[in-house]
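>>> here are the coordinates; sequence isn't available:
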DNA sequence: AATGTGTGGTGAAACGTTTAATCAATTTTT
DNA sequence: AAAAATTGATTAAACGTTTCACCACACATT
């Protein structure tokens, strides 16, 4: 509220209404107001409406800090994206889950659902070396972690806080946690089998780090399984690790171009990579799918529209977000606090223009 | 902590350490511990180190709720994305700022900076009709709003909470707020002038809603200004409003294809639109830039790599995020609480393959 | 009439900090 | 040597809720 007194302007923060003020105005005790606000049902109809009226008139809101202090429940959850970039396993910025466009959809969808359950959502990119003390400090009710790596102490750090937690897109040896993944192995399998079915035999597999990223590793297993099933020998040099960026895809294509007679198909673990590869090959005069077939992963929004459109493995991020959010609320409210659950969503192959039968001379 | 007693398992939440426990262990008063934790400098060297040691040993964290209750400062800010989808101005999901991939970069960059200043960041997609009571309830220290529209009561609602707020990508008639925008008019001007410079005269302008979105409206002004400067008559039917999605771009191209002799260039307000248009024209056998030149906007990560790569207007989202975050911290800490500031970042035209001289028969 | 059962409501403690007021001891100033 | 200032620490109130124990009253049950 702004007051102007004798030429001086004063900015006077009106004291915030408290439950006591409301109580006084309504002629009841603070406890009763509290009961009204929390709909405990222990208040008579008439008193409820009288209190409600004043609450609305005065535009009163409860103070979340006071509530949390008393109840030890914050109605606050966090979505955590671990940042491994400074750790032993060198990762580059773009590798971050969060740089992956589709995670936005995930984050905002998750937030939407949790919001309906009465939670506010803190979003945080956290270095894997940082302490996670805000979990305790803020009395977080739960945590969702996206893309944690196996083996780092980060996972156990999160778990050690003894707060309900759901891991998403994380492969962890510790089976004692709740997990929502895509069946990445199946994804890798489907895309590879698709190329094999078209008649390809010499198929590269291009992904990010295999060792630390379970997602990539699983997809590579799917690739290998498909090859084995088709009696195709697995050629270690055909498995290539790189940064998962459009730019790296392009650069890699240039490096691969001169030996393009050694392979006819490429399975990748990201549409971004596929787009970069297609561009790179284009710059080298190699046509996709004429000379090389390429399969992406994720089905990001532009994949259906670029030229050639990309054959890819579709993930339903909305569903994934829904599952994660709902599982977390169950863990939080669940009477049986041990409700560990693991869920593998099924990916789906979508055939478009970037794959075709191998070129025969 | 997990106890197993006589076959029964008990999950015993160890009582959380409080400042009093630490005080007792260190043989000092709670007030002293508080002073140590907050580095007020009013404690002797020796006491500090004794307390610190115990704090570390016991792994003690302050309770944020208690602090906030007392201080009325939460060290919490919110990034708000207004959702207009159910309001009068019908918008479709994809129009949401948040569905725009580059906003992820913005959000995570902003979070990173605010985090360094000691804030946690709540992320929320909010219906423009919803109350914003969490701002008061949680004692938020500040708010960043992305993509607010002129005229809706949403803006004044936010402002009415009397909390430091920075609007981003919002055009608001109320000049009394802090604002970080891109110079959208300049962006529209640059892209249009580029086409004019190549010799185009018949140039379409394709964007989302003009009326409610200041961003789009400003870009259209830039488009018109460029045309005027070149003495080209503005043809109202050349200004087309549509949903800003790849799919809509494609559909629109199909509708425009049969009259492709009426125009030779297209200015758009989003790379997503440009990508869709290129695809649509491709499906109709119209080549870009052979028969039509197209300019995008934003310079999303794939724009440089698709075929043809897209001539577009580049925005520096990292810079934008930095400006917004830092301005907000200034508003929060600033001694002179009235430090309204408005900032227009300069966009940059990036010429790539999707534009060329108009086809001459 | 005595006892039990609900119903609607109140009082006051407790949650874990911060901070203003105060104090004791020491050092500096006069 | 007395007064003043500085340093380091303490005490206790305050922040705004929730919730347990309690109460008064009406009503139903023996």
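Looks like it came in fine. What you are looking at is a predicted structure, and each value in this text was computed from that prediction instead of being measured.

>>> tell me the domain boundaries of chain A?
As given by automatic domain parsing, the domain ranges for chain A are A:2-62, A:76-182+A:317-345, A:184-315.

>>> may I see these arranged in TSV, with mean pLDDT and mean neighbour count as well?
Backbone N, C-alpha and C define where each C-beta goes, glycine included. Listed next are the domains of chain A as TSV, based on pLDDT from 0 to 100; neighbours: other CB atoms under 10 Å in any protein chain shown:
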stretch	mean pLDDT	mean neighbour count
domain A:2-62	85	13
domain A:76-182+A:317-345	84	19
domain A:184-315	95	21
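
>>> in which helix or strand does residue A:144 reside?
Assigned by DSSP states H and E, residue A:144 falls within strand A:142-146.

>>> okay, now the nearest residue to residue A:18 once chain neighbours are set aside: neighbour count?
Sequence neighbours aside, residue A:63 is the residue nearest to residue A:18 in space, at 7.4 Å (criterion: CB to CB, 6 or more residues apart in numbering or on different chains). Number of residues near residue A:63 (other CB atoms under 10 Å in any protein chain shown) recorded here: 20.

>>> packing partners of the strand or helix carrying residue A:247?
Assigned by DSSP H and E, residue A:247 belongs to helix A:246-257. Under the contact criterion of 3 or more CB pairs under 8 Å, 6 or more residues apart in numbering or on different chains; DSSP states H and E, helix A:246-257 touches strand A:203-207, helix A:271-283.

>>> pull up the pairing partners for the shortest one, direction included.
In the sheet containing strand A:203-207, its partner strands are strand A:239-241 (parallel), strand A:265-268 (parallel), by DSSP bridges.

>>> dump the residue contacts of residue A:156.
residue A:174 (CB atoms under 8 Å, 6 or more residues apart in numbering or on different chains).

>>> measure it to residue A:77 for me?
Distance of residue A:156 to residue A:77, given as CB to CB, to the nearest Å: 20 Å.

>>> not counting its neighbours along the chain, what's nearest residue A:80?
Once flanking residues are discounted, residue A:80 sits nearest to residue A:145: 4.8 Å by CB to CB, 6+ apart.

>>> wait, doesn't the one you found sit right on residue A:165?
Yes. When contacts are counted by CB atoms under 8 Å, residue A:145 is listed as touching residue A:165 (6.4 Å).

>>> shared neighbours of these two, anything?
residue A:158.

>>> distance to residue A:247 added to the strands paired with strand A:203-207, as CSV?
Shown next, in CSV, are the strands paired with strand A:203-207 (distance: least, CB to CB, whole Å):
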stretch, distance to residue A:247
strand A:239-241, 16
strand A:265-268, 14
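
>>> out of those strands, which gets nearest to DNA strand C?
For DNA strand C, the closest of the strands paired with strand A:203-207 is strand A:239-241, at 45.7 Å, according to CB to the nearest atom of the strand.

>>> residues contacting the closest one, please?
Here strand A:239-241 has contacts from A:204-210, A:216, A:220, A:223, A:252, using CB under 8 Å, 6+ apart.

>>> now tabulate those residues in JSON lines and tack on distance to DNA strand D.
As requested, these are exported to JSON lines (distance: CB to the nearest atom of the strand, whole Å):
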{"residue": "A:204", "distance to DNA strand D": "59"}
{"residue": "A:205", "distance to DNA strand D": "54"}
{"residue": "A:206", "distance to DNA strand D": "54"}
{"residue": "A:207", "distance to DNA strand D": "49"}
{"residue": "A:208", "distance to DNA strand D": "46"}
{"residue": "A:209", "distance to DNA strand D": "46"}
{"residue": "A:210", "distance to DNA strand D": "49"}
{"residue": "A:216", "distance to DNA strand D": "45"}
{"residue": "A:220", "distance to DNA strand D": "50"}
{"residue": "A:223", "distance to DNA strand D": "53"}
{"residue": "A:252", "distance to DNA strand D": "57"}
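
>>> confirm that residue A:109 sits in a helix.
Yes. The assignment for residue A:109 is a helix, going by DSSP: H, G, I helix; E, B strand; the rest coil.

>>> so what's it closest to, chain neighbours aside?
Excluding its sequence neighbours, the residue lying closest to residue A:109 (CB to CB, 6+ apart) is residue A:321, at 3.6 Å.

>>> how about the stretch 151-300 of chain A: which residue is closest to chain B?
When distances are taken as CB to the nearest CB, the stretch 151-300 of chain A reaches nearest to chain B at residue A:279, 4.2 Å away.

>>> excluding chain neighbours, what is closest to that residue?
residue B:305 is the one closest to residue A:279 (CB to CB, 6+ apart), at 4.2 Å.

>>> just the helices in the stretch 1-150 of chain A please.
Remark: helices assigned in the stretch 1-150 of chain A by DSSP state H, counting those that start in this stretch are A:19-26, A:30-37, A:45-58, A:64-71, A:102-116, A:134-137.

>>> turn the ones you listed into JSON lines, including distance to residue A:293.
As requested, these are exported to JSON lines (distance: least, CB to CB, whole Å):
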{"stretch": "helix A:19-26", "distance to residue A:293": "67"}
{"stretch": "helix A:30-37", "distance to residue A:293": "62"}
{"stretch": "helix A:45-58", "distance to residue A:293": "64"}
{"stretch": "helix A:64-71", "distance to residue A:293": "55"}
{"stretch": "helix A:102-116", "distance to residue A:293": "23"}
{"stretch": "helix A:134-137", "distance to residue A:293": "46"}
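
>>> nearest to residue B:31, out of these?
Closest of these to residue B:31 is helix A:64-71, at 18.5 Å (criterion: CB to CB).

>>> related to what we said a few turns ago, any idea how far the strand holding residue A:144 is from the middle of the chain?
9 Å (CA atoms, centre = their mean, to the nearest Å).

>>> how about stretch A:189-201?
Distance, centroid of stretch A:189-201 to centroid of chain: 29 Å (CA atoms, centre = their mean).

>>> likewise stretch A:141-148?
With CA atoms, centre = their mean as the basis, stretch A:141-148 stands 9 Å off its chain's centre.

>>> returning to what we had before: OK, contacts around the residue nearest to residue A:279?
Residue B:305 touches A:246-247, A:249-250, A:275-276, A:278-279, counting by CB under 8 Å, 6+ apart.

>>> quick check, nearest of those residues to DNA strand D?
The nearest one, if we look at the contacts of residue B:305 relative to DNA strand D and count by CB to the nearest atom of the strand, is residue A:246, at 49.7 Å.

>>> the closest one - nearest residue in space that isn't next to it in sequence?
Per CB to CB, 6+ apart, closest to residue A:246 is residue A:276, 4.1 Å.

>>> hmm, the one you found is touching residue A:248, no?
Yes. Contact criterion CB under 8 Å: residue A:276 and residue A:248 qualify, at 6.4 Å.

>>> can you say which of the strands paired with strand A:203-207 is nearest to residue A:106?
Minimum separation from residue A:106 across those (CB to CB) falls at strand A:265-268, 20.4 Å.
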